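*Asks:* Turn this into a model:
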Amino acid sequence: MKINFIKSTAIIGLIGLITGLFSDCKKIDLVRIAAVRTDPVTIIYTDGATVYGNIIDLGEDDNIEDFGFCWLSGSLLPTINDLHIGLGETSLSGFYSATINGLQPNTDYNVRSYVKDANGVNYGNTESFHTLTGGGSGTWLHYDDGTNFTGVGLTDGSNFDYAVRFPPQALTQYNGFRITKIRFFPKEPAQYHVEVYEGVNPPNFVYYEDVPNPLINAWTEYNPTNQYYINSAVEVWVGIWVTDYISGTYPGGVDDGPAIAGEGDMISFDSGLSWESLYLNNSSLNYNWNLQVYVTNQKGEEFLLTNEISAEIKVKPVSETGDSDSKAASKIENLNY
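*Replies:* Next up, the predicted model:
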């Protein structure tokens, strides 16, 4: 009977231990925190840069009190107590961008995206970049990553224009430089024309030129015969006018994004009279145009700020402009190759 007593005591003790463990357990509340990612910096100036982020999760309340970027020179990690730009409240996730100014030329910087909600501030990863030295004999200006991903066009084959736009802060060091080369990626057989506009949206049409024998599904580089000199106080747009392509094909080459919305992805359905962002028109088209512009000042001198452009070519031939149906946003589609 002594043995049975010992066994009973052991069982009772084990039950008591288990009961005690469960009674000591505390309820753990799981909180969904807001999350953000910093994307690589590819648009860099002498005194600024365009930076990109992506809100991945809106957090517990699905509401962001503030979001934006913070940055510092050198190797330190920036916080919102340092230089920063806030973009305000949002209830939408996804990509965003901002242009930061007032940076020093030829300097290393770190930048982080951030989101702030009721639980505090959360930061994305750190991206580094180096501002330009200024001057120089020439450089390519662009928003795409240099690689073609797919093509974009109108389903009915209507004419359309696409362009990249460079704000004044992107042109500061190129004041008086001239556009000497334009390269783009024709994805399908069509008639391609390079064109230049200037001013804020909608910009003023300056000139266009036909591109003879463009390479298809490859980079085409064209040297305009017209001389356009950059006034860094004036926004510059460089575009491609696409005509005479087969319905159901997609002639405008693009990278795989993310889009620099409103700068690297502009499109017009009415022959350049009005423009809009490809991404903001259709969020599934999160691309930048494969379109790059070479600006040069080989002698290192300031040119007279003027355009050597004939007035006779500032209007496109009416017979070649797209029909009114091409304005329909629903006709924008893309096709992967």
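
*Asks:* Touching the helix or strand encompassing residue 100 from outside, list them.
*Replies:* Assigned by DSSP states H and E, residue 100 belongs to strand 94-101. Residues outside strand 94-101 that contact it (CB atoms under 8 Å, 6 or more residues apart in numbering): 39, 47-55, 67-69, 71, 83, 85, 87, 111, 167, 169, 258-261, 283, 286. In short, each C-beta sits where N, CA and C put it, glycine included.

*Asks:* Now a PyMOL select for only the buried ones of those residues.
*Replies:* Of the contacts of strand 94-101, the buried ones go into a single PyMOL selection, burial set by 16 or more other CB atoms under 10 Å:
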select buried, resi 39+47+48+49+50+51+52+53+54+55+67+68+69+71+83+111+167+169+258+259+260+261+286
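
*Asks:* mind listing what residue 296 touches?
*Replies:* By CB under 8 Å, 6+ apart, residue 296 lies in contact with 137, 138, 139, 177, 178, 180.

*Asks:* Sort those residues by pLDDT and name the bottom one.
*Replies:* Checking pLDDT across the contacts of residue 296, the minimum falls on residue 137 at 62.

*Asks:* For the strand holding residue 100, which strands pair with it and how are they oriented?
*Replies:* Its sheet considered, strand 94-101 pairs with strand 48-57 (antiparallel) by DSSP bridges.

*Asks:* Show me what secondary structure element comes after the strand it pairs with.
*Replies:* With DSSP H and E, the next secondary element past strand 48-57 is strand 66-73.

*Asks:* tell me the domain ranges of the chain?
*Replies:* 35-130, 138-336 (automatic domain parsing).

*Asks:* First residue to last residue on the shortest one, what's the distance there?
*Replies:* According to CA to CA, to the nearest Å, domain 35-130 extends 26 Å from its N-terminal end residue to its C-terminal end residue.

*Asks:* center of this structure, which residue is that?
*Replies:* Averaging the C-alpha coordinates of the chain gives a centre point, and the residue nearest to it by CA atoms, centre = their mean is residue 260 (1.6 Å).

*Asks:* and that residue, which of the three is it?
*Replies:* Here residue 260 takes the coil state, with states given by DSSP: H, G, I helix; E, B strand; the rest coil.

*Asks:* Run through the residues that contact it.
*Replies:* 43, 50, 52, 97, 143, 288.

*Asks:* what do you get for residue 252?
*Replies:* Per CB under 8 Å, 6+ apart, neighbours of residue 252: 151, 152, 153, 160, 162, 187, 240, 242, 289.

*Asks:* now, which of those residues sits nearest residue 275?
*Replies:* residue 162 (9.3 Å; CB to CB).

*Asks:* buried stuff in the strand holding residue 100?
*Replies:* Buried, per 16+ other CB under 10 Å, within strand 94-101: 95, 96, 97, 98, 100.

*Asks:* Greatest separation within those: which pair is it?
*Replies:* By the measure CB to CB, 95 and 100 form the most distant pair in the buried residues of strand 94-101, at 16.7 Å.

*Asks:* Looking at the contacts of residue 260, which is nearest residue 224?
*Replies:* Taking CB to CB as the measure, residue 224 lies nearest residue 143 of the contacts of residue 260, at 19.8 Å.

*Asks:* how many neighbours does the closest one have?
*Replies:* Residue 143 has 22 neighbouring residues, counting by other CB atoms under 10 Å.

*Asks:* My read is that it contacts residue 164, right?
*Replies:* Yes. Applying CB atoms under 8 Å as the test, residue 143 and residue 164 come out as touching, 5.6 Å apart.

*Asks:* tell me, what's touching the two both at once?
*Replies:* 263, 264, 265, 288, 289.

*Asks:* Of these - the most surrounded one?
*Replies:* Going by other CB under 10 Å, residue 265 tops the shared contacts of residue 143 and residue 164 with 31 neighbours.

*Asks:* which residue packs closest to it, ignoring adjacent ones?
*Replies:* For residue 265, ignoring the flanking residues on the chain, the nearest one in space by CB to CB, 6 or more residues apart in numbering is residue 278 at 4.0 Å.
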